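Novice: the sequence isn't on hand, but the structure is:
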């Protein structure tokens, strides 16, 4: 089964290897792409796929499809240290969501001002890197644009 994974935020796609965190850069939790957010002010991160919100923190969430595949979105690096400050949740854990649905409001420029990278890793959890194709590296994307395809 083919799953098109969408960008949760507006920005420019970059290879996961450029994420300033070894867990993501070395694809320890899974392969994917990252998005360097663009624009100023508060933005809304949207669901990358249809499914259920199985993990929800102010700075990160996982949406799991009916087929069991989960996509992790991490809003910035080390943003857990912000203890939720500046993040507004629009969903609850266990909620069914559609791709493109608003999940979390945040401000990448505030993350940067706090001394953290606002880059957004989008991870195909526990996927084989060979299962991903059509990785849209170096592209300007809007929320909801497909950034890679995950083959089952």
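Specialist: Alright, I've got the coordinates. None of these values were measured; they are calculated from a predicted model.
Novice: residue 114 versus the residue lying closest to residue 133 once chain neighbours are set aside, what's the distance?
Specialist: Of all residues not flanking residue 133 in the chain, residue 149 sits nearest, at 4.9 Å (C-beta to C-beta, 6 or more residues apart in numbering). Glycine gets a C-beta too; all of them are placed from N, C-alpha and C. Distance of residue 149 to residue 114, computed by C-beta to C-beta, to the nearest Å: 34 Å.
Novice: for residue 88, same thing?
Specialist: Look at residue 88 and residue 114: by C-beta to C-beta, they are 16 Å apart.
Novice: report pLDDT for the residue nearest to residue 133.
Specialist: The model reports residue 149 with a pLDDT of 97.
Novice: contacts only, for it.
Specialist: Residue 149 makes contact with 2, 3, 4, 5, 132, 133, 134 under the criterion C-beta atoms under 8 Å, 6 or more residues apart in numbering.
Novice: any idea which of the residues you listed is closest to residue 51?
Specialist: Closest to residue 51 out of the contacts of residue 149 is residue 3 (9.7 Å), distances taken as C-beta to C-beta.
Novice: sec struct for that closest one, please.
Specialist: At residue 3, secondary structure determined by DSSP: H, G, I helix; E, B strand; the rest coil is strand.
Novice: that one pairs with what?
Specialist: Residues in a beta bridge with residue 3, per DSSP bridges, are residue 150.
Novice: give me the neighbour count for it.
Specialist: 23 (other C-beta atoms under 10 Å).
Novice: wait, isn't it in contact with residue 64?
Specialist: No. Here residue 3 lies out of contact with residue 64, judged by C-beta atoms under 8 Å, at a distance of 11.2 Å.
Novice: so what sits against both of those two?
Specialist: With C-beta under 8 Å, 6+ apart, residue 3 and residue 64 have no common neighbours.
Novice: re earlier: neighbour count for residue 88 and residue 114, which is higher?
Specialist: residue 114 (16 against 13).
Novice: can you tell me the closest non-neighbouring residue to the more buried one?
Specialist: In space, residue 114 is closest to residue 82, 6.2 Å off (C-beta to C-beta, 6+ apart).
Novice: so what's residue 102 closest to, chain neighbours aside?
Specialist: Going by C-beta to C-beta, 6+ apart, residue 102 has residue 44 as its nearest residue, at 4.5 Å.
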